[in-house]
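> Below: sequence and its predicted model.
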Amino acid sequence: MQQEPIIRLVNVSKDYNGTEALKSINLYIRKNEFLTLLGPSGCGKTTTLRIIGGFEQPTEGEVYFEGKNITNLPPYKRNINTVFQKYALFPNMDVEGNIAFGLLVKKVDKKIIKRKVAEMLELVNLKGFEKRSIDSLSGGQQQRVAIARALINEPEVLLLDEPLGALDLKLRKDMQVELKKIQQYLGITFVYVTHDQEEALSMSDTIVVMKDGEIQQIGTPEMIYNEPKNAFVADFIGESNIIPGRMVRDRVVNFSDRDFECVDTGFAENEMVDVVVRPEDVKIVKREEGMLEGEVESVTFKGVHYEMMVRTKGYRWMVQSTLMEPVGAKVGLKILPHDIHIMKRAVSE
Amino acid sequence: MVTRIFKKLYLYLVFLFLYAPIIVLVIYSFNDSKSRGHWGGFTLKWYAALFQDREIAQAVYHTVLIAIISSVVATVIGTAAAIGIQNMKKIKRTIILNLSYLPVLNPDIVTGVSLMILFIFMKTFTGVGLGFTTMLLSHITFNIPYVILSVLPKLKQLDRNLYEAALDLGAKPGYALRKVIIPEIMPGIVTGFLLAFTLSIDDFVISFFTTGSGVSNLSIYIYSMARRGINPKINALSTIMFVLVLILLIIVNLRLSKDKENTKDLKVNSSLRRRGELNGKSY
């Protein structure tokens, strides 16, 4: 990808009265991609978004938009629009007034505004809602108005700050699909903030995992899920078994007092590492066929699968399987070489 | 049964003591006898005399003019101040808020005397002696905190992102303020204006100290009339003022209680009551 990125953050830091919200972030966002900033609350994802939107100035570093430095440009001079967490619709205006706001500011012809508002309402499935008051709308409808209000300005980048956080699960799923569709249809760059890893995985082209003001990993959803860079990412993106281990040599790792074959190379001999195994990659087999021996401690039905906690010597494994073993059953656990992910031990921990 | 009667009796007694003077005043404003001792029949002549008195007309003119100008100016300044205070960092906000709250609790006599001294001191520089201008300035001064205190709760209710959303959609700060913020806090602004207007009409102590010879508002005029000997015209004039202030207060209080359904902020109301206590009145 040699294309000039649409947004570039260079060594961006943000300091709030002595607390570091962002620690020298470097990030570029490509044109037309759906990029998600993912992380627990307080990780700096919303601050990053607000800096891109122009609502906050970074303490240090620069923000570039199509190669131009926009670090100190106020929000109203940026070709970027935002969908706020609580929508921030103007209560003193009706739906039409809200959506038309951006065009009224630019003094666009009234007739064109009317047509465009109608188009936008159709795009977000709210045809005929022009004269409705904001109070009379449901959460999901307000959400759609907020999206339409931002999109009518034809921004090159749309920022979304946990836009689905206030909706119930079913509606959230529908809106995820719809947002993705809108993004592909309009070909606009989306920068999306969420703490919901499932949402991030299902919608994004690129995921940026953040923690404590630092970027942990940048990659496609598949990369982030299958090849998490460290234990934090592995744990945050889906459930994980994380066991301390030791690299014996290339392709062999020792944990739970046993050598396992794996596919990782490039570690020093006897280097201490974190071993990550996804719960769905742990196979339950007959006791004598397993690599590890254990006893089922608890079983939870999760719909598609059962989630079992299996106690072995030294570790409690989370196992997901469509077949259920009763509590107290003695079972064997088997892990295939390519399901074992070796990670450098985080220095701070 | 008996306790219930006593409870009611007690309530009526309280109201009787509170309102007896005013009721007597209103009744005597229709008394056809110059003596206050006995009832000489119903008349409207004192009201008629009132409207023929040039000095009274002048006082009414001053009162209304000062009330209008001072409440408008105080509303503009107070609203701007409230928006500024709301956007300050927390510690700074608390300090400024308390500083602007102080004049509300300050006894009127202190405010009045200190303003008078300031105006006399400033006269050497500005050449403006005590009179209409100084009275107007002092009314603006004591009205500003009330406007701030009625606008602030409305600003607190606002979604912090509203202003940002307007900027985000391309609005410059001034446009965002006019089209989004001001309409949202309008109820608070109107309440603040009415409050300022009422307090201006009502004020005696501060006006008395900050005005000069020849310029008096209604309350000062009544005071000087009463010193010359009680004229039944005072009764008529006081009755009109009472009714006017009562109407304004009812409007303000209706607005405040309507607001309270949305906000839990009682600051304006309690400060109003506090001021009332200091003035020896019951709002």
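That came through fine.
> Neighbours of A:Ile7, how many?
As a burial measure, A:Ile7 scores 21 neighbours (other C-beta atoms under 10 Å in any protein chain shown). Just so you know, the C-beta spots here come from the backbone N, C-alpha and C atoms, and that holds for glycine as well.
> where's it relative to B:Thr211, distance?
Distance of A:Ile7 to B:Thr211, computed by C-beta to C-beta, to the nearest Å: 63 Å.
> Spell out which parts of the stretch 151-283 of chain B neighbour chain A.
Neighbours of chain A within the stretch 151-283 of chain B, by C-beta under 8 Å from any C-beta of the partner chain: B:159, B:161-162, B:164-172, B:175, B:179-180, B:183-184.
> Going through these, which ones are buried?
Buried members of those, scored by 16 or more other C-beta atoms under 10 Å in any protein chain shown, are B:159, B:161-162, B:164-171, B:175, B:179-180, B:184.
> Take those residues and keep only those in helices.
Residues of these located in helices (DSSP state H): B:161-162, B:164-168, B:175, B:184.
> could you turn stretch B:93-113 into PDB, dropping everything but the C-alphas?
Provided in PDB are the C-alpha atoms of stretch B:93-113 (Å, rounded to 0.1, in the frame of the first residue of the first chain):
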ATOM      1  CA  ARG B  93     -15.300  27.800  38.500                       C
ATOM      2  CA  THR B  94     -16.000  27.400  42.100                       C
ATOM      3  CA  ILE B  95     -14.000  30.500  43.100                       C
ATOM      4  CA  ILE B  96     -15.600  32.700  40.500                       C
ATOM      5  CA  LEU B  97     -19.100  31.400  41.200                       C
ATOM      6  CA  ASN B  98     -18.800  32.100  44.900                       C
ATOM      7  CA  LEU B  99     -17.300  35.600  44.200                       C
ATOM      8  CA  SER B 100     -20.400  36.400  42.100                       C
ATOM      9  CA  TYR B 101     -22.700  34.800  44.600                       C
ATOM     10  CA  LEU B 102     -21.300  37.000  47.400                       C
ATOM     11  CA  PRO B 103     -23.200  40.300  46.500                       C
ATOM     12  CA  VAL B 104     -26.400  38.300  46.700                       C
ATOM     13  CA  LEU B 105     -25.800  37.600  50.400                       C
ATOM     14  CA  ASN B 106     -24.300  41.000  51.000                       C
ATOM     15  CA  PRO B 107     -26.700  43.300  52.900                       C
ATOM     16  CA  ASP B 108     -28.100  46.000  50.600                       C
ATOM     17  CA  ILE B 109     -27.000  48.700  52.900                       C
ATOM     18  CA  VAL B 110     -23.300  47.600  52.500                       C
ATOM     19  CA  THR B 111     -23.700  47.400  48.700                       C
ATOM     20  CA  GLY B 112     -25.400  50.700  48.600                       C
ATOM     21  CA  VAL B 113     -22.900  52.600  50.700                       C
END
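> Okay, buried residues for that stretch please.
B:97, B:100, B:103-104, B:106, B:108, B:111-112.
> got it, and stretch A:100-111?
Neighbour-count burial for stretch A:100-111 [16+ other C-beta under 10 Å]: A:100-105.
> any idea of the mean pLDDT in stretch A:73-86?
Stretch A:73-86 carries an average pLDDT of 93.
> can you list contacts of that stretch?
A:49, A:52-55, A:65, A:70, A:102, A:105, A:143, A:146-147, A:150-151, A:153, A:155-163, A:165-166, B:159, B:161, B:164-165, B:167-172 (C-beta atoms under 8 Å, 6 or more residues apart in numbering or on different chains).
> related to what we said a few turns ago, from the buried residues of stretch A:100-111, pick the one nearest B:Leu11.
Using C-beta to C-beta, A:Phe101 comes nearest to B:Leu11 of the buried residues of stretch A:100-111, at 53.9 Å.
> B:Ile56 against B:Tyr221, yeah?
Yes. With contact defined as C-beta atoms under 8 Å, B:Ile56 and B:Tyr221 form a contacting pair (6.6 Å).
> Identify the contacts common to the two.
Between them, B:Ile56 and B:Tyr221 share the contacting residues B:Leu237, judged by C-beta under 8 Å, 6+ apart.
> tell me which residues in stretch B:220-233 are buried?
Buried-residue list, stretch B:220-233, by 16+ other C-beta under 10 Å: B:220-222, B:225, B:231-233.
> Helices along the stretch 51-200 of chain B, start to end?
B:54-86, B:90-105, B:108-126, B:132-157, B:161-168, B:173-176, B:182-202 (DSSP state H, counting those that start in this stretch).
> Out of those, which gets the lowest mean score?
helix B:90-105 (a mean of 88).
> quick check: angle from it to helix B:108-126?
Angle of helix B:90-105 versus helix B:108-126, following axes from the mean of the first three to the mean of the last three C-alpha atoms, to 10 degrees, is 100 degrees.
> and the angle for helix B:90-105 with helix B:54-86?
Going by the same axes, to 10 degrees, helix B:90-105 makes 160 degrees with helix B:54-86.
> list the buried ones in the strand or helix carrying A:Leu333?
Following DSSP states H and E, one finds A:Leu333 within strand A:330-334. Neighbour counts using 16+ other C-beta under 10 Å place A:331-334 of strand A:330-334 among the buried residues.
> pretty sure B:Pro145 is touching B:Val104, no?
Yes. Shown here, B:Pro145 and B:Val104 form a contact pair, counting by C-beta under 8 Å, at 4.9 Å.
> burial of residue 75, as a residue count?
All of this refers to chain A. 21.
> My question was about chain B, not that one.
25.
> so who does the nearest residue to it once chain neighbours are set aside touch?
Computed as C-beta to C-beta, 6 or more residues apart in numbering or on different chains, the closest residue to B:Thr75 that is not its neighbour in sequence is B:Phe193, at 4.5 Å. Applying C-beta under 8 Å, 6+ apart, one finds that B:Phe193 lies in contact with B:71-72, B:75, B:147.
> Max pairwise distance over those: which two?
B:Val72 and B:Val147 (10.4 Å).
> circling back to that earlier point, from the buried residues of stretch A:100-111, which is closest to A:Glu130?
A:Ala100 (9.4 Å).
> In terms of secondary structure, what does the helix or strand in which that closest one is found contact?
Using DSSP H and E, the element containing A:Ala100 is helix A:95-105. Contacting helix A:95-105 under the criterion 3 or more C-beta pairs under 8 Å, 6 or more residues apart in numbering or on different chains; DSSP states H and E are the following elements: helix A:110-123, helix A:139-151.
> For that helix, what does the pLDDT average out to?
95.
> what's the neighbour count on B:Leu152?
26.
> Look up the closest residue to it, ignoring the ones flanking it.
Nearest to B:Leu152 is B:Ala82, by C-beta to C-beta, 6+ apart, at 5.0 Å.
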